[in-house]
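Participant: Give the three-dimensional model of this entry:
(chains A and B)
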Amino acid sequence: MSALITTHGLTKRYGGRTVVDGLDLRVPEGCVYGFLGPNGAGKTTTMKMLLSLVRPTSGEVRIAGRRMDRSTRRGLLSEIGSLIESPPGYGHLTGAENMRLVQRLLRLDDGQVARAVRTARLQDHIDRPVRTYSLGMKQRLGIAMALAGEPRLLVLDEPANGLDPAGIDEMRRLIRRLTGDGTTVMVSSHLLDEVDRTADVLGILGGGRMLFQGTREELFARSVPDVLVDTFEPERAAALAGAWGAVLDAGTVRVPGLGERETARLVARLVQEGVDLHGVRRETRSLEDVFMDLTREEAL
Amino acid sequence: MTGRAVANEFAKMRRLRTAPALIALVLGVTVLTCGTALSSPGFTDSAGDASPHSWRVLLGSMGIAVPLVSPVLIAVMASRQVDIEHRGNGWTLAHASGVAPGALCRAKFASTGALVAAAVLAHSGLVVAFGRLVGITAPVPAGPWLGYTAWVTVVGLALLALHLLLAAWVPNQLVGLGIAVMGVFAALSSAGMPDRLAFLLPPWGYYGPAVPVGYRDGALVALTPPHLAALLLAAGAGALFLSATRRFDRQEA
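Facilitator: As a prediction, the model looks like this:
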């Protein structure tokens, strides 16, 4: 699959503080790219650099193979819809009047605007002043504005912020529908659960650096779950397995970061020492746990 | 893109109470000018004369009404036009659509500036109509009248540019409005100052030297304002506005 967005060594520094550090992004065309990381990880700054709203300190951004900079940004932006930070919308105007501003600016026809409004399911509220909208409706108006130009790429910065569970679910379905139509969607979040079920590719950012980039399966494969040893003599088993970094955890011996061969050696040693084992298993881990581990390591 | 951005600025004025502010500007200056003139001794008595005295009274009255009314109302219009961008995340929306923040400010200047210029022409024309209505038979002193109208337009546009930049730079709109109120004092004081001193308070200080009439030895006489100063103000304010908005264009979101 060809990449629609690539960055090479993308870096942003404010004074002595590095916010984004040598990022090599690769967003395949036609996919949902989940851009994850805790608050302050550098997601919004990265997205702003992709849109040329913020100038990189070093490195480059390429959209569809073309370098994004001040001289090319206007042409490239016509292929990109975006929702960055808080949803846009002039409160004193109606939703329809806000859409007309976008229509005029991007020279769109009525059909394009109507389709965007329908896709965002805003048609029943479009004639109301935006100041009377709920946050969810404002997000949908922002998405309708971003979609109106029928962009090839949609960049959504925390679109589920402030939405209730039903709103988040609706946002997920909307994103899936869009990729079904061939749009590439890059969506950021600080919560894995928000994008886990929609993203084809995940990029995890921590402290401005890319901690992981790949599919959900690759992320799982990268993580080695703890080995849990169930025995009638947990204290003795924990002492014997101390060399492997074992700890006692609620009557179970927990050994982190153990590969398959080392697990076999550990079990052989415990059996050799006459420890009665009645279970050896890997801890079941959710993707959330893997994500938390990755970002926690970075925070430490 | 510029034309579409300007058209959008006119569209954004809907329900922004721009029209009431403009009407207040036109009627405020007109009513205050006419009221001041009517209370001036000899104004109605000389209306039927061939002397230009009554027109001079009207010009002098406009020289008080304009600086009293314009600075605050122009600041209010600029502030309202820019505040919606701060509140509605409009800077980022426009920037991501290819209209950088400085270009957005220039579009606002073009749209609101056209209305400010129209308002100046309107109150200037209404005062002439009032003069005719009260029976002034002498010909309108077209040169001084047009010169003053042009000068007031230049000062109004310079004020608008200043307040657009202030409102964009400082999100708290009370700052700009506070400066506008102080500007009224500077504008009114400039009438009693030597020109060189008044020019030290741009753009408000330019209202005083613009008035083409003044009292000399108790008589209201015609004066020749230093029109070159208005041209310099237009050039200076224009260059500063362009430079500042180009800087905004390079500013990061």
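
Participant: Need phi/psi at the residue in the stretch 101-250 of chain B that chain A sits nearest to.
Facilitator: In the stretch 101-250 of chain B, the residue that lies nearest chain A is residue B:250 (8.4 Å; C-beta to the nearest C-beta). Quick note: C-beta positions are derived from backbone N, CA and C, even for glycine. With angles defined as degrees, to the nearest 10, residue B:250 sits at phi -90, psi -10.

Participant: Show me the beta-bridge partners of the nearest residue to residue A:80 once chain neighbours are set aside.
Facilitator: Once flanking residues are discounted, residue A:80 sits nearest to residue A:153: 4.8 Å by C-beta to C-beta, 6 or more residues apart in numbering or on different chains. Beta bridges link residue A:153 to residue A:80, residue A:184, judged by DSSP bridges.

Participant: on that earlier part again, and the pLDDT at the residue of the stretch 101-250 of chain B closest to chain A?
Facilitator: Note for residue B:250: predicted pLDDT of 88.

Participant: hang on, the earlier thing: how far away is the residue nearest to residue A:80 from residue A:131?
Facilitator: Going from residue A:153 to residue A:131 by C-beta to C-beta, to the nearest Å gives 30 Å.

Participant: And these two? Which one has more around it.
Facilitator: residue A:153 (22 against 14; other C-beta atoms under 10 Å in any protein chain shown).

Participant: quick one: pLDDT of that one?
Facilitator: 96.

Participant: What parts of chain A come near chain B?
Facilitator: With C-beta under 8 Å from any C-beta of the partner chain as the criterion, chain A meets chain B at residues A:48, A:51, A:53-55, A:73-74, A:77-78, A:80, A:82, A:84-93, A:97, A:100-102, A:104-107, A:129-130, A:145.

Participant: Buried ones among those?
Facilitator: By neighbour count, with 16 or more other C-beta atoms under 10 Å in any protein chain shown, the residues of chain A next to chain B hold A:48, A:51, A:53-54, A:73, A:77, A:80, A:82, A:84, A:86-90, A:92-93, A:97, A:100-102, A:105-106, A:129-130, A:145 as buried.

Participant: ok but residue A:202 is inside a strand, no?
Facilitator: Yes. Per DSSP: H, G, I helix; E, B strand; the rest coil, residue A:202 lies within a strand segment.

Participant: which residue does the stretch 1-150 of chain B bring closest to chain A?
Facilitator: For the stretch 1-150 of chain B, C-beta to the nearest C-beta, closest residue to chain A: residue B:93, 3.8 Å.

Participant: quick one, what contacts that residue?
Facilitator: A:88, A:145 (C-beta atoms under 8 Å, 6 or more residues apart in numbering or on different chains).

Participant: The residue positioned nearest the centre of chain B: helix or strand, and which one exactly?
Facilitator: Geometric centre of chain B, nearest residue: residue B:156, 2.3 Å, by C-alpha atoms, centre = their mean. Using DSSP states H and E, the element containing residue B:156 is helix B:142-169.

Participant: Which strands or helices does the helix or strand just after that helix pack on?
Facilitator: As assigned by DSSP H and E, the chain's next helix or strand after helix B:142-169 is helix B:173-190. Secondary-structure packing of helix B:173-190 (3 or more C-beta pairs under 8 Å, 6 or more residues apart in numbering or on different chains; DSSP states H and E): helix B:53-87, helix B:142-169, helix B:207-210.

Participant: Could you check how far helix B:173-190 is from the centre of its chain?
Facilitator: 13 Å (C-alpha atoms, centre = their mean, to the nearest Å).

Participant: in the stretch 1-150 of chain B, which ranges drop under the pLDDT threshold?
Facilitator: The stretch 1-150 of chain B contains residues with pLDDT under 70 at B:1.

Participant: Name the residues of it found near chain A, please.
Facilitator: B:1, B:4-5, B:7-8, B:11-12, B:14-16, B:84, B:87-90, B:92-99.

Participant: Surely the residue nearest to the centre of chain B touches residue B:67?
Facilitator: No. Residue B:156 is beyond contact range of residue B:67, at 10.5 Å (criterion: C-beta atoms under 8 Å).

Participant: need the contact list for the residue sitting furthest away from the middle of chain B.
Facilitator: For chain B, the largest distance from the centre (C-alpha atoms, centre = their mean) belongs to residue B:96, which lies 32.9 Å off. Counting by C-beta under 8 Å, 6+ apart, residue B:96 touches A:51, A:53, A:77, A:80, A:82, A:84.

Participant: From those residues, which land in helices?
Facilitator: Using DSSP state H, the members of these that fall within helices are residue A:77.

Participant: With pLDDT and distance to residue A:34 as new columns, can the contacts of residue B:96 be given to me in CSV?
Facilitator: Output for the contacts of residue B:96, formatted as CSV (pLDDT from 0 to 100; distance: C-beta to C-beta, whole Å):
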residue, pLDDT, distance to residue A:34
A:51, 95, 18
A:53, 93, 21
A:77, 92, 23
A:80, 95, 18
A:82, 95, 16
A:84, 92, 17
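
Participant: What is the most widely separated pair among the contacts of residue B:96?
Facilitator: Comparing all pairs in those by C-beta to C-beta, the longest separation belongs to A:77 and A:84, at 12.1 Å.

Participant: Check which helix or strand residue B:139 maps to.
Facilitator: Using DSSP H and E, no helix or strand contains residue B:139.

Participant: how close does it sit to residue B:225?
Facilitator: For residue B:139, the distance to residue B:225 - C-beta to C-beta - is 20 Å.

Participant: Name the residue in these two with the higher neighbour count.
Facilitator: Set residue B:139 next to residue B:225 and count neighbours by other C-beta under 10 Å: residue B:225 wins out with 20 against 9.

Participant: tell me the secondary structure for the more buried one?
Facilitator: coil.

Participant: Report the buried residues of the helix or strand harbouring residue B:125.
Facilitator: For residue B:125, the enclosing helix or strand under DSSP H and E is helix B:101-133. Of all the residues in helix B:101-133, those buried under the rule 16+ other C-beta under 10 Å are B:101-109, B:111-113, B:115-117, B:119-120, B:122-124, B:126-128, B:130-131.

Participant: now for it, which elements pack on it?
Facilitator: helix B:2-12, helix B:18-38, helix B:53-87, helix B:90-96, helix B:142-169, helix B:227-250.

Participant: Would you check how far apart residue A:162 and chain B are?
Facilitator: 14 Å (C-beta to the nearest C-beta, to the nearest Å).

Participant: Which residue is the nearest non-sequential neighbour of that residue?
Facilitator: residue A:135 (4.3 Å).

Participant: what's near enough to touch residue B:16?
Facilitator: Residues near residue B:16 by C-beta under 8 Å, 6+ apart: A:92, B:80, B:81, B:84.

Participant: for residue A:55, same thing?
Facilitator: So residue A:55 contacts A:49, B:252 (C-beta under 8 Å, 6+ apart).

Participant: try it again with 7 Å
Facilitator: For residue A:55, the contact set (C-beta atoms under 7 Å, 6 or more residues apart in numbering or on different chains) comprises residue B:252.

Participant: same check, this time on residue B:144
Facilitator: B:59, B:212, B:222.
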